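**Student:** Build me a model from this:
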Amino acid sequence: MKRFLPFLLLVIVTTFVFLVAELRYPLFFFQDDNVSQYLPNAVHAWRSLFHGGQLSFYNFHQFAGFPTLATGQSGILYPFNYIATSLSLLFTKDFYYSVDIFAYIHILGGVIGMFILINYISQKRTHTPHNPNFNACLPAFLGACIWGFSNYVWFVGNAWHSMLSIVMYTPFMIYFSLRLLDEQKFKWITLLVLTRVFYFFLGHPQFFVYSCIAEFLVMACLVRYEFKEGKNPLNFIKWYLSSYIFTLMLSLPLLLPMFHQVSVSVDRSAKMDPGLYIGPINLSGYLIGLLFPSADPETIPDFRKMAYVGIIPVIIVWAYSAKILWDKIRRKIPRKEKWLNISYFLIILYLLWTFGILAAPLYVVPILNRFRWTFKFLIFVNFFIALFSAFLLDTITSRLRGRNRILLIIILVQLVGSVYAIGFSEFYSLGNRTDTVPYSTELVEHIVDDNKLINIGFQRDGSKLPSAQHLTSNNATFFGKYYFHGYEVLLSNNQCEILLNLLHWDGVNESNADELTPIILKLREWGVKWYVTDNSYVYPLDYGFVEEYKDAERTLYSDPLAKPIFYFYRGENSVVDYEIGYNGIKISTNSQTADNLTVNFYHNPFIRGFIDGNSVDLTSTDLKQIKMSVPAGTHEIFIEYWDPYFYAGCLISGVCALIALVWLAAKSKTLRKKFRRNLDKKI
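**Tutor:** Sure thing, here's the model as predicted:
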């Protein structure tokens, strides 16, 4: 039981911090992209799996249809998405707490992972076996608290749920890499590869690549030390490089669809503008925030709010930096300690990267120049500060009497500072939620069919999150409605030509009738029947719209001239019934004559059609809607999205996994025979 006591205490401490945060600021992590993108996508994936019995590859609710798995961030292959949404539904009867449960799982996992990592390194540093005594684990406990309860984790994680994957997976990736360095065994390479693959399936390659870089830098430093100490790490290097080959092979079911989607996307198919690549930088705000966890609501992102990791870690790093400088002045050779040197070096490296100094030379790297904002590297500064603080305090207090009492006081001070910064200082997010929860459904209930809707007249404020009550971003998915726009950075260039040339962010802003008229005419062709307008916005509305609902902030209009979802070129033919599913659409038709059927969704090249079970060719209209030729008579039509890259990835991954299992079985058999021969010789 003593062995599990530290983990039990970490669960208790993490739960306590969460309760404080949630009681002070309910739905703490339900902000910014977590509201407008993650939750609707997660709910859609959950409904597709548990109501439709299939993974969600496509979403007809946004953009007149767009691929979900291929765009990555929907996390279709990531189990914790389904666990979080299921637990929220189980305990609260709704989905709103899905993000906070997701955050709790990942922060708790990160805290435990950091404890395991530091505890293992501490054993290696002191050359002591595993000690179940909790007092021997105090430095690791401190490092775990610094890592999991830093402001960056909470006040950036409450906007970007995917950032929390860094918190959980980075410690485990480095830990399993260390175990592989010490023992080249199948167990460690398997756990390392599975951790990476699990992480990648979250669907955010930017943070995955960043964690892999951090892992690689740590291992590169250690390999350098191995050579300096006269050891030969070449066997480890082979195993380590092989682990990335295995990771690549097993990641293909998501990697191939995402690679294709990125290649055709309007926003990520080429390198970013250097200004967007580096993004906002505020060194003075960062230095202030290291000591005072205050917030400036006018600054986005606010470095003062993101910087705080605790007073004690900051004092430790600054004092050590001053000592190094003093030793340089005195020309004194400092005592070399491997892990202190590695973690301190990486703190400096990531600070230089965060504030743009290393960004320029790395801009030439093809993958890295697709990722925006270098301030995202700040979390790795915190990671190595946590490592460094734990190792240095372990070294210093090991020579002191009352070591455990001192460390307990330091941990208590650190926790008090973290609880204050998270739960009692000014709340902050990259984009604050503007809607009360649960959402009102009065307006939604007046949208009585499956025709598309759009916003008109709303002015987007960069510091204010678009409202779910206006059905902006991906919130139509949450309500089960169909919005002609949405929020997705990997939308294809062809689809963006239709949507972005017609609309602005999340809707129509034109106030001039001359500008509005051609837009309304095209929206009618796309079957946009419902218009949600801002009451405070006045513009000429002379298009025959019918007011359906109005409250203090919103008005809902319907357009009787909008095209239906499905229609034949000739009026005598009709659609009898239809069902819009999660990856496909079923349509029952009654055609007096052969005719062309228009399906008012975007013609994605991976959508295929069937009539009475027989495959048919699909074409597109001038506006890129789906069009198909339907013979006379009564027919059952099925249109579905089928991603060839996903199935090709599954096939390749399956074959590679099978080959690896056969190889491992043969290798294991060889090793057993070798062991028996050696045993026989000894006997």
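
**Student:** Give the residue spans of this protein that score low on pLDDT.
**Tutor:** Scanning the chain with the threshold set as pLDDT under 70 gives 1, 125-136, 294-301, 333-336, 457-466, 500-507, 509-514, 536-541, 667-683.

**Student:** burial measure for residue 331, as a count.
**Tutor:** Neighbours of residue 331 under the rule other Cβ atoms under 10 Å: 6. For the C-beta atoms, the positions are set from N, CA and C on the backbone; glycine is no exception.

**Student:** again but with residue 425, I slipped
**Tutor:** Residue neighbour count, defined by other Cβ under 10 Å, stands at 17 for residue 425.

**Student:** So the spatially closest residue to it that is not a sequence neighbour versus residue 302, what's the distance?
**Tutor:** Counting by Cβ to Cβ, 6 or more residues apart in numbering, residue 293 is the residue found nearest to residue 425 once chain neighbours are left out, at 4.8 Å. Here the distance between residue 293 and residue 302 works out to 11 Å (Cβ to Cβ, to the nearest Å).

**Student:** Report the contact partners of residue 68.
**Tutor:** 41, 44-45, 56-59, 74, 76 (Cβ atoms under 8 Å, 6 or more residues apart in numbering).

**Student:** quick one, phi psi at residue 643?
**Tutor:** For residue 643, the backbone dihedrals (degrees, to the nearest 10) come out as phi -90, psi 110.

**Student:** residues contacting it?
**Tutor:** By Cβ under 8 Å, 6+ apart, the contact list for residue 643 reads 57, 67, 69-70, 257, 606.

**Student:** Return the two entries of these that lie farthest from one another.
**Tutor:** Distance extremes for these: the farthest pair is 69 and 606 at 11.0 Å, using Cβ to Cβ.

**Student:** Looking at the two, which one has more neighbours?
**Tutor:** residue 69 (26 against 17).

**Student:** How much space separates that one from residue 44?
**Tutor:** From residue 69 to residue 44 the distance is 11 Å (Cβ to Cβ).

**Student:** which element is residue 634 on?
**Tutor:** strand 633-641 (DSSP states H and E).

**Student:** And for residue 242?
**Tutor:** Residue 242 belongs to helix 234-250, assigned by DSSP H and E.

**Student:** same thing with residue 165?
**Tutor:** helix 164-182.

**Student:** In space, what's closest to residue 28 - neighbours in sequence excluded?
**Tutor:** Using Cβ to Cβ, 6+ apart, the nearest residue to residue 28 is residue 21, at 4.6 Å.

**Student:** Correct me if wrong: that neighbour contacts residue 423.
**Tutor:** Yes: Residue 21 lies in contact with residue 423 (Cβ atoms under 8 Å); the separation is 5.1 Å.

**Student:** Looking at these two, which is more packed in?
**Tutor:** residue 21 (23 against 19).

**Student:** so who does the more buried one touch?
**Tutor:** Shown in contact with residue 21 (Cβ under 8 Å, 6+ apart): 28, 154, 422-423.

**Student:** mind running it again at 10 Å?
**Tutor:** If a contact means Cβ atoms under 10 Å, 6 or more residues apart in numbering, then residue 21 has 28-29, 100, 103-104, 149, 154, 158, 419, 422-424, 427 as its contacts.

**Student:** With secondary structure and distance to residue 117 as extra columns, can I get those in CSV?
**Tutor:** Converted to CSV, those look like this (DSSP: H, G, I helix; E, B strand; the rest coil; distance: Cβ to Cβ, whole Å):
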residue, secondary structure, distance to residue 117
28, coil, 26
29, coil, 24
100, helix, 26
103, helix, 21
104, helix, 20
149, coil, 16
154, helix, 21
158, coil, 25
419, helix, 24
422, helix, 23
423, helix, 27
424, helix, 30
427, coil, 31
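
**Student:** if we can go back for a sec, hey, what's in contact with both of residue 69 and residue 44?
**Tutor:** 56, 58-59, 76.

**Student:** thinking again about what came up before, and the strand holding residue 634, what other elements does it pack with?
**Tutor:** Counting contacts by 3 or more Cβ pairs under 10 Å, 6 or more residues apart in numbering; DSSP states H and E, strand 633-641 is packed against strand 58-59, strand 574-580, strand 584-591, strand 595-602, strand 607-611, strand 614-616, strand 625-630.

**Student:** any idea which of these is most buried?
**Tutor:** Of all the helices and strands packed on strand 633-641, strand 58-59 has the most neighbours on average by mean count of other Cβ atoms under 10 Å, namely a mean of 27.
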